[in-house]
Structure formats: C-alpha cells, structure tokens
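> kindly return the folded structure for what I paste below:
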Amino acid sequence: MTLPDSPACNLLGSKLPLVLAGMGGVARSELVAAVTTAGGFGFLGMVREPPKLIEREVTRLRELGHSRFGVNIIPASTDPALLERQVATLIALAVPVVCTFWTLDQQVTRRLRDAGIMVVHQVGSVDEAIEAVRSGVEIVIAQGREAGGHVRGTRAIRDLLPEVADAVNIPVLAAGGMATGADLVTAMALGASGIVLGTALMATEESFAHAYHKQRLLAAEADDTVLTSSFHINWPPNAPTRVLKSAITSGARGDPHASERTVIGDEEGRQIYLFSTDSPLRSMTGDFESMALYAGTGIGHITAITSATDRLTQIVAEAETLLAPATASDEQVELASSVCYAGEMSGAYMGEADLTDDLWLLAAQMRAALRTALAHGADPSASSQPPFAAKSATLASWALQMRRLAARESQGAALPPHPVISGKLPAQALILQALGGLIPRISRPALRDQLVQLRLFLEAQGPAAPV
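Sure, this is the predicted structure:
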C-alpha cells in the first residue's frame, strides 16, 4: 500500500485511515463490524440510547470477534440521568474507545480516561481542539461545515483542518463531506491522520438507515444539501444540521419552534415528532420525507448502495492511484552492485548534509500551495459544496509525499512545526527555486528522481496555475 503511516491508525488499532462516524441510530453493530473487517475503525452511534442497547451492540461486536471499536455519545444532548447510566455502562463493558461531540464534558472525559478508555472528541474550532487536548483527549476530529448531521464547525474543512493540525500535538482526523480517495489524500496532505466517513457509509447495505433515506442520498448533489436549524427537538439550541432540502427546510411545514408538537412517525412505540433530530431508520414507520434526511456535501460522489467493504476498498484504490506517480520511484533504487546499497542510505551516510530541514521546508511550501489551490477552486459564496476541489488532488498527492519524505529523512525524530509560508508570494516560483537548489545536492537516485518528477509536474502547470 502507498498510503502513509497514520498515528491515528496506530492508536485505534486499524489498518486503514478510514473511520466510521458514530451516526446516531445508523451506525449499529452490523455496520461497525463490516467497517472493521474491511480494515477501518467504527464507532457505534449510541446517542441517547439506553444502556441495554449499548450492551447488546457491544456484545454483538465481540461475539463476531471484534475487539477494536468505539462508542459515540453526546453528553450535551443527553439527559443527565441517562448520561450517567451510559458512562457507567461503557466503563463496565470496558469499551476500548469512546467518542464525544458538541461541548466537551470534562468530567465525562476524566472518568473515561481514568478507566483506561481512549477518548476521541469532535471539534469545530482550534480553541475547542486545544481544550480537548488539555482535558486528556487522545485524538481530535476536526469537523468542517460540509458535514452532514449536526455541524459544530462553521468554517470550511480546507481552512480548519491545517490550523487544528498545527495547534495540537495529537492525531487529527478530518470530517465533513468526505467520500473519495481524493478527499483522503487531500486531508492527509493538510495534516490529518485519516478521514471520518458519515454519509458515504450511511449509503451502504449494512447501514441501519431506512431504505428511503438511502435512496434519497443517491439522487442528491452537494447543492441539494442545506444547513438549517429546523431540526432541533432533542438537541441543545443553536445546533444547525446539514440535511437534504425539503418542505421542512423551505418553511412550508410551519414554525419549527412552535409549542405544539406533531407526531410524524413511530419507532417501536416511541413517537417521532416533526422538527425532531430523528432520521429515518429501519425500525421506524411514518412520514420519512418530513424527518431529518442528513447528508454531507460529498454526496454527489455516492451513486450506488454498496457494501461497506466495497466503499472502503474504492476509496483506498482511488487514493493509491493518486499517490502512485509521486511514490513510483520509492522502489527504483539504483545499486552499483549486488552488495552496494548506496542508493538506500541516508544523506549523512553518503556525505550529504542533513536534508531534513530542506525537505520539511519544501513540504511546508507544498502544503501552502495546496491551500492556495483549494481556495482558488472554491466558490466563497456557496455554502454547500464538496470539501475539496477535485482538480487539486494531484497537487495534494505530491504535498503528502513531500511530507512523507521529510519524515523519512528525519529517521523517526519529531518534525518541528510547519514553517510559516507567506501566502502573498508566488508558491510555484518559490518551490521551483527550492527544487533547483536542492536537486543537485542529492546523491540518492530514488530521492533525486522524485524531486525531478515534482519539478516537471509543477512546470507543466504553467506560470498562471494557482499553485
């Protein structure tokens, strides 16, 4: 595999940097098991669910032989008495990982950490990420405004993600409209250890979402989604959701905050109200069109209901295809003889000066160029668009490879924070200038070849390119 190492994978115990979001109601044991079997990591969506259901779903996963999984709860939207029972149940079950969302409940975080449970927290800002780290969280999820469901982030993920990654010293996962291999490569190039998939895994055979919801997803594009405050029952105030447009979001069904409540469905005896945060599930009946049809802005890439394994396999294959040109020369080490491994040795061994700083500066310049290209490809007036411009994916693959080369050159030593790169200077010219001075100093054929290929790629973009 050409995917880079992921600190988040190492902590979570997964093979792939692909994480199933703990979607309430949707992410049950069947879907988590499928994602885990495929090499990813899954969270059970147990928001406001009774302890008996949590115990049942955890038991099912363990009976299937899965020991690495997580459970998602949301303290801010849960009755305190129920939350206490949920936390006690999670500790008694010794679940390996718990993910929390919305406001950080430091008491819950501390109790879980004291019990030896890893805590992941999803944030919508840099300040929240810093607070999470100080509270003992081990992985943060940076959520952009492109996300489906409840949206904490108010900024585009292309801007939020690199800032969060620079601000904290723990792994960061990216969430918000993620659906493709290009999204994975771009997010990792911006500093993520992987991506969190919601909508893309809702539209799978193993998802507990109702067939009506899944079919609506297939017909939608990014601009068919909208951020709205219409769906609010069962959640704290000022909690927008991204859903598919409907009569609800257009205001045709009346005032969402009127005191009178209208029943529109049922789930095994539990009434579903108009304007509630419930989305259609297999276990429900009723007026599904009037429920919250959650969808992220990457929905245009989802054109079929597949197995979770097929979806993850497709994402990985797309990512590896993108990375292949940038990593092609990794295995093309030129040797003088069968016992001469000069082409594989470090620069110091070959008499070269340490190249770590040079490569890290180059990686920072490439990331800055990528951010410029992503901003150039976005419509600032559009509130519903995919997280990353597809045409920037190749640049992202090169930026990710430069980061990997710098990490390899450092021989395991921690890399310093990214240098500050001025956004006012022409990134392409700066990178080409840096390559012009760096390439002649390198004696290792594989490394030199990669940098030459990068130079050819940038030159082919032309002087007017946004990079």
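> nearest spatial neighbour of Val172, skipping sequence neighbours?
Spatial nearest neighbour of Val172, chain neighbours left out: Ala165 (4.8 Å); criterion: C-beta to C-beta, 6 or more residues apart in numbering. Every residue, glycine included, has its C-beta placed from N, CA and C.
> any buried residues in whichever strand or helix holds the one you found, and which?
If you go by DSSP states H and E, Ala165 is part of helix 157-167. Across helix 157-167, burial judged by 16 or more other C-beta atoms under 10 Å covers 157-165, 167.
> same check, this time on stretch 122-142
By 16+ other C-beta under 10 Å, the buried positions in stretch 122-142 come out as 122-126, 128-129, 131-133, 135, 137-142.
> ok, which stretches of the stretch 1-150 of the chain are strands?
Assigned by DSSP state E, counting those that start in this stretch, the strands in the stretch 1-150 of the chain fall at 18-20, 41-45, 70-72, 97-100, 118-123, 139-143, 149-150.
> for the last one, what is the average pLDDT?
Looking back up the chat, that one is strand 149-150. The pLDDT scores in strand 149-150 average 96.
> got it, and stretch 302-309?
97.
> residues making contact with it?
Stretch 302-309 has contacts (C-beta atoms under 8 Å, 6 or more residues apart in numbering) with 20, 31, 34-35, 37-38, 179, 199-201, 203-207, 214, 217-218, 314.
> who's Val19 bridged to?
Taking DSSP bridges as the rule, Val19 bridges to Phe41, Val196.
> run a quick neighbour tally on it.
Neighbourhood size, Val19 [other C-beta atoms under 10 Å]: 31.
> same question, Val71
28.
> go on, Leu456?
The number of residues near Leu456, taken as other C-beta under 10 Å, comes to 9.
> over to Asp255?
10.
> surely Gln386 and Thr297 touch.
Careful, residue 386 is Pro; it's not Gln. Yes: using C-beta atoms under 8 Å, Pro386 is in contact with Thr297, at 5.3 Å.
> between these two, which has more neighbouring residues?
Between Pro386 and Thr297, counting by other C-beta under 10 Å, Thr297 is the more crowded of the two (31 against 24).
> quick one on the thing from earlier: pick the most deeply packed of the strands of the stretch 1-150 of the chain.
strand 18-20 (a mean of 31; mean count of other C-beta atoms under 10 Å).
> which one of the strands of the stretch 1-150 of the chain lies nearest to Glu268?
strand 41-45 (16.8 Å; C-beta to C-beta).
> what's in contact with the closest one?
Under C-beta under 8 Å, 6+ apart, the answer for strand 41-45 is 9, 12-14, 18-29, 31-33, 35-36, 54, 57-58, 61, 68-72, 97, 99.
> which of those count as buried?
9, 12, 14, 18-29, 31-33, 35-36, 54, 57-58, 61, 69-72, 97, 99.
> going by contacts, tell me the helices and strands next to the helix or strand of the chain with the lowest mean pLDDT.
Least confident helix or strand, the chain: helix 427-438 with a mean of 89, by mean pLDDT, DSSP states H and E. The contact analysis (3 or more C-beta pairs under 8 Å, 6 or more residues apart in numbering; DSSP states H and E) places helix 427-438 against helix 356-376, helix 445-461.
> gap between that helix and the chain center?
Distance of helix 427-438 from its chain centroid, counting by C-alpha atoms, centre = their mean, to the nearest Å, is 31 Å.
> how about that helix: buried residues?
For helix 427-438, by 16+ other C-beta under 10 Å, it's 427-428, 430-431, 434-435, 438.
> check contacts around Gln385.
146, 222-223, 297, 378-379.
> quick one on the thing from earlier: buried subset of the contacts of stretch 302-309?
Here, 16+ other C-beta under 10 Å leaves 20, 31, 34-35, 38, 179, 199-201, 203-204, 206-207, 214, 217, 314 buried among the contacts of stretch 302-309.
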